[in-house]
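[1] next one to model:
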Amino acid sequence: MNKRIWLISFIVIVLLGAIIVDVPPVAKFLGITSKFTVHQGLDLQGGTHLVYQTDLSKVSADGVADAATGVVEVIRRRIDALGVTEPTIQKTRDNSRVIVELPGVQDVNEAIKLIGETAQLEFKEAIDGKSWVDSSIKSYEYADWKDTGLTGANFQKAEVQFDNSGTTLVSKPQIGITFNEEGRKLFADVTGRNIEKPLAIFLDKNLLSAPTVQGKIDSDSAVITGNFNVQEAKQLAIQLNAGALPVPIELVSQSNIGATLGTESVQKSVVAGLIGLLLVILFMLFYYRLPGLIASVALIIYALITLAVFITVPVTLTLAGIAGFILSIGMAIDANILIFERMKEELRGGNALVAAIDTGFKRAWTSIRDSNMSSLITAVILYYFGSSLIRGFAVTLGIGILVSLFTALTITHTILQMVARTGLKKKLNWWTGGQSNQFRQSNQSNQ
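    The predicted structure is shown next:
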């Protein structure tokens with residue numbers, strides 16, 4: 001009894017939370033400040049789709065992936081500076097192109113100009129006479145540093161290395177940097193006159209790092225050490241390589257999507273989703289009657305929870321993503337149908353109603369698990385190999401499958417158990433054919 005009460009309480013809390021996220025007026029009525037909104041993709045709210053061709057002809061084969069990733073990072077940082085919300089910036093699998101989607105942006109001339117600039121890597125030293133404190137270095141502006149003449153043109157590459165010279169068993173990550181011959185000479189001069197002083201590294205006038213020079217380095221290689229983890233070291237190496245390898249990019253495709261088209265698409269998608277949901281509910285009511293009503297209630301709860309997950313994560317909804325959501329509505333009812341048919345078999349075998357419900361769920365679980373697992377694997381493959389639109393479909397489909405398992409195995413099960421302990425038990429027996437089965441057994445025993 002206590003377990004069932006806790007389960008019912010949990011379902012109520014989850015449902016209430018979903019309603020608060022999905023319906024802002026409810027949150028306002030309850031005195032809760034809600035900032036949750038649906039994040040719309042490019043095809044829903046309008047914007048611009050740009051495709052850039054990367055020139056990797058001068059990049060070594062083993063550096064192609066990092067060079068393309070560096071371009072993506074540079075573009076992302078520049079787009080963030082424009083204040084564009086929810087941009088999509090990704091490279092193709094062969095690293096030959098970079099795709100940029102800017103939702104809500106119609107006039108993109110400034111963005112195109114900014115994106116097309118070559119990344120500029122600069123090494124700067126402290127202004128003479130300025131007092132430097134390690135903890136406050138990052139608070140200084142670009143103008144607070146002066147040029148050294150050492151730039152990305154003198155830089156060859158950066159890579160993550162590990163320092164094994166310490167006394168601990170855990171190796172500390174560090175970034176190894178390499179210069180060309182001219183860069184080696186400049187670097188020796190700069191480090192020689194800045195011992196125990198910071199040497200700032202800027203990319204597009206943004207400070208990446210300001211390591212303190214420990215001594216004159218008359219070599220074409222050096223290391224940057226610090227209190228960073230492997231991921232942070234890798235990120236810094238990518239950013240340095242983006243400046244060191246100024247990969248030329250060329251705009252090869254541009255398309256604008258109007259907000260009007262996006263609004264119409266949303267309206268049609270919502271109508272299609274409501275019609276699909278209604279048809280599924282009508283089918284369940286017609287064929288399964290009372291259990292169908294329970295499954296329909298669980299399906300509505302499923303839709304509310306799934307939408308709340310989309311908003312909370314957040315998932316950027318596109319037309320393909322909405323299609324995945326609508327498809328998952330139809331798939332969500334599959335588990336209920338399997339469970340109901342198993343229940344019928346148990347009841348026709350003479351089992352009591354409550355026991356038939358529990359056994360039906362247990363026997364249907366393997367089929368539900370296998371079918372949904374295959375769908376999840378498909379969603380993962382689509383996400384990994386697909387483009388941005390296909391990924392949106394895969395994400396919404398995957399989330400929908402996971403939530404449908406929760407609603408079918410938890411919510412439908414709980415409601416059925418509650419009904420089985422009320423006066424509606426006879427209606428469940430009538431639906432399953434339990435009464436006719438008992439009558440047939442009675443006749444057989446009388447004979």
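[2] list the buried residues for stretch 174-183?
    Buried residues in stretch 174-183, defined by neighbour count with 16 or more other Cβ atoms under 10 Å: 174, 175, 177, 178, 179, 183. C-beta coordinates here come from the backbone N, C-alpha and C atoms, glycine included.
[3] pretty sure the third one sits in a strand.
    Spelled out, that is residue 177. Yes: using DSSP: H, G, I helix; E, B strand; the rest coil, the assignment for residue 177 is a strand.
[4] ok, it touching residue 236?
    No: assessed by Cβ atoms under 8 Å, residue 177 is found out of contact with residue 236, at 10.0 Å.
[5] overlap in contacts of these two?
    158, 224 (Cβ atoms under 8 Å, 6 or more residues apart in numbering).
[6] buried stuff in stretch 307-314?
    307, 308, 309, 310, 311.
[7] same deal with stretch 22-42?
    For stretch 22-42, by 16+ other Cβ under 10 Å, it's 22, 27, 34, 39, 40, 41, 42.
[8] pLDDT of the longest helix along the chain, averaged?
    Ranked by number of residues, the top helix in the chain under DSSP state H is helix 353-385. When pLDDT is averaged along helix 353-385, the result is 86.
[9] before we move on, the earlier item: so which of the buried residues of stretch 307-314 is the closest to residue 73?
    residue 310 (27.1 Å; Cβ to Cβ).
[10] let's see the pLDDT reported for the closest one.
    Looking at residue 310, the pLDDT reads 88.
[11] in the helix or strand hosting it, what counts as buried?
    Assigned by DSSP states H and E, residue 310 falls within helix 290-312. For helix 290-312, a neighbour-count test (16+ other Cβ under 10 Å) marks 290-296, 298-299, 301-311 as buried.
[12] sorry, back to before: helices - which of the buried residues of stretch 22-42 land there?
    Using DSSP H, the buried residues of stretch 22-42 in helices are 22, 27, 42.
[13] from these, which is closest to residue 155?
    Closest to residue 155, out of all of these and judged by Cβ to Cβ, is residue 42, at 35.3 Å.
[14] the closest one and residue 88 touch, don't they?
    Yes: here residue 42 reaches residue 88: they are 7.2 Å apart, a contact under Cβ under 8 Å.
[15] domains of the protein?
    2-39+258-435, 51-257 (automatic domain parsing).
[16] what about the last one, start to end distance?
    Translated: domain 51-257. Using Cα to Cα, to the nearest Å, the end-to-end distance of domain 51-257 comes to 14 Å.
[17] helix, strand, or coil at residue 36?
    Residue 36 ends up coil, using three-state DSSP.
[18] how much space separates it from residue 305?
    Residue 36 is 14 Å from residue 305, where distance means Cβ to Cβ, to the nearest Å.
[19] give me the common contacts of the two.
    With Cβ under 8 Å, 6+ apart, residue 36 and residue 305 have no common neighbours.
[20] center of the chain, which residue is that?
    In the chain, the centroid-proximal residue (Cα atoms, centre = their mean) is residue 315; its distance is 6.5 Å.
[21] bridge partners for the spatially closest residue to residue 171 that is not a sequence neighbour, pull those for me.
    Closest residue to residue 171 apart from its sequence neighbours, by Cβ to Cβ, 6 or more residues apart in numbering: residue 162 at 3.9 Å. Beta-bridge partners for residue 162, by DSSP bridges, are residue 173.
[22] kindly provide the distance from residue 162 to residue 239.
    Distance of residue 162 to residue 239, computed by Cβ to Cβ: 19 Å.
[23] quick one: contacts for residue 327?
    Residue 327 touches 397, 400, counting by Cβ under 8 Å, 6+ apart.
[24] can you pull out the strands in the stretch 101-250 of the chain?
    Applying DSSP state E, counting those that start in this stretch to the stretch 101-250 of the chain gives strands spanning 121-126, 145-151, 155-163, 172-179, 199-203, 206-209, 221-224, 249-257.
[25] please name the nearest non-neighbouring residue to the residue nearest to the centre of the chain.
    Residue 315 sits nearest to residue 395 (Cβ to Cβ, 6+ apart), 5.7 Å away.
[26] now the angle from the one helix or strand residue 100 maps to to strand 249-257?
    Using DSSP H and E, residue 100 maps to strand 97-103. Note on geometry: by axes from the mean of the first three to the mean of the last three Cα atoms, to 10 degrees, strand 97-103 and strand 249-257 are set 40 degrees apart in direction.
[27] from the contact counts, what lies against strand 97-103?
    Here strand 97-103 touches helix 42-45, strand 47-54, helix 64-82, strand 88-91, going by 3 or more Cβ pairs under 8 Å, 6 or more residues apart in numbering; DSSP states H and E.
[28] of all the residues in the longest one, which ones are buried?
    Under the neighbour-count criterion of 16+ other Cβ under 10 Å, helix 64-82 has 64, 66-75, 77-79 buried.
[29] which helices and strands sit right next to that helix?
    Short answer (3+ Cβ pairs under 8 Å, 6+ apart): helix 64-82 packs on strand 47-54, strand 88-91, strand 97-103, helix 109-115, helix 230-244.
[30] could you export those as CSV, including mean pLDDT and distance to residue 264?
    Compiled in CSV, the helices and strands packed on helix 64-82 are given as follows (pLDDT from 0 to 100; distance: least, Cβ to Cβ, whole Å):
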stretch, mean pLDDT, distance to residue 264
strand 47-54, 86, 15
strand 88-91, 84, 22
strand 97-103, 85, 16
helix 109-115, 70, 25
helix 230-244, 74, 40
